[in-house]
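A.B. asks: fold the following, please.
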Amino acid sequence: MPGVFLSANPQELKGTDHSLLDDKTQKRRPKTFGMDVKAYLRSMIPHLESGMKPSKSKDLLSADEVKQWSESLEKLLANQTGQDIFGNFLKSEFSEENIEFWLACEDYKKTESDLLHCKAEKIYKAFVQSDAAKQINIDFHTRESTAKKIKAPTPTCFDEAQKIIYTLMEKDSYPRFLKSNIYLNLLNDLQANSLK
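C.D. replies: Numbering: from 1, shown residues only. Next comes the predicted model:
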């Protein structure tokens, strides 16, 4: 079945490949999207029968961890599960290219110098180029400036565009995420479970 599927197994999230540069631009969500999110959120809560507490298992989230996501976008993006859940929220809003670009830039900064040119071209073609399949929302000046920088790529050639996208997510998508059912239900479920 096409669409976004969230694993009910938190172990499977660790190896998640964000496939940042593929050309899959599917915009329709299956009717089961909400049920998949619910199943995922339920899987993040430890089973009472197991006796496990979230703080004792790195595979499970704690209410405190999820609460910290509301402190800043930086804290949310510093957490792999936070990235995944925020990414799924952005997919539901048809703006997943923002986090995909941001993550691609973070990965790019860690690239060895002999691979910079190839990776810079891929990121540019996937996200920055004016006819890119996952074109990000940046101004003409930044788009042109980035095009010039990738001709002689450095680890910082996407910094200007990345900062614009981060600010866009921080001021636009992130506040909506914090008010979304995805975030609030997860937080409420984890808080309720920690009281038991």
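
A.B. asks: I'd like the distance between Lys151 and Lys109.
C.D. replies: Lys151 sits at a distance of 18 Å from Lys109 (criterion: C-beta to C-beta, to the nearest Å). Glycine gets a C-beta too; all of them are placed from N, C-alpha and C.

A.B. asks: pretty sure Thr111 is touching Pro155, no?
C.D. replies: Yes. If you go by C-beta atoms under 8 Å, Thr111 and Pro155 touch, sitting 7.0 Å apart.

A.B. asks: of Lys151 and Lys109, who's got more company?
C.D. replies: Taking other C-beta atoms under 10 Å, Lys151 and Lys109 do not tie; Lys109 has more neighbours (15 against 10).

A.B. asks: flag every buried residue along stretch 73-84.
C.D. replies: 73, 76-77, 79, 81-84 (16 or more other C-beta atoms under 10 Å).

A.B. asks: what's the answer for stretch 63-70, then?
C.D. replies: Here stretch 63-70 shows 63, 65-66, 69 as buried, counting by 16+ other C-beta under 10 Å.

A.B. asks: which ones are touching Thr142?
C.D. replies: 160-161, 164 (C-beta atoms under 8 Å, 6 or more residues apart in numbering).

A.B. asks: Glu121 and Cys157, how far apart?
C.D. replies: 11 Å.

A.B. asks: shared neighbours of these two, which are they?
C.D. replies: Joint contacts of Glu121 and Cys157 (C-beta under 8 Å, 6+ apart) are Ile150.

A.B. asks: okay, the two: which has more neighbours?
C.D. replies: Cys157 (24 against 14).

A.B. asks: hmm, back to that, which among the buried residues of stretch 63-70 gets closest to Leu187?
C.D. replies: Nearest to Leu187 out of the buried residues of stretch 63-70 is Val66 (C-beta to C-beta; 5.0 Å).

A.B. asks: any idea how far the closest one lies from Ile182?
C.D. replies: 11 Å.

A.B. asks: I'd say Tyr124 and Lys148 touch.
C.D. replies: No. At 10.9 Å, Tyr124 does not count as touching Lys148 under the criterion of C-beta under 8 Å.

A.B. asks: circling back: turn the contacts of Thr142 into JSON lines, columns for neighbour count.
C.D. replies: Listed next are these as JSON lines, based on neighbours: other C-beta atoms under 10 Å:
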{"residue": "Glu160", "neighbour count": "15"}
{"residue": "Ala161", "neighbour count": "24"}
{"residue": "Ile164", "neighbour count": "17"}
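
A.B. asks: between those, which sits nearest His141?
C.D. replies: Relative to His141, and with distances defined as C-beta to C-beta, the nearest of those is Glu160, at 9.2 Å.
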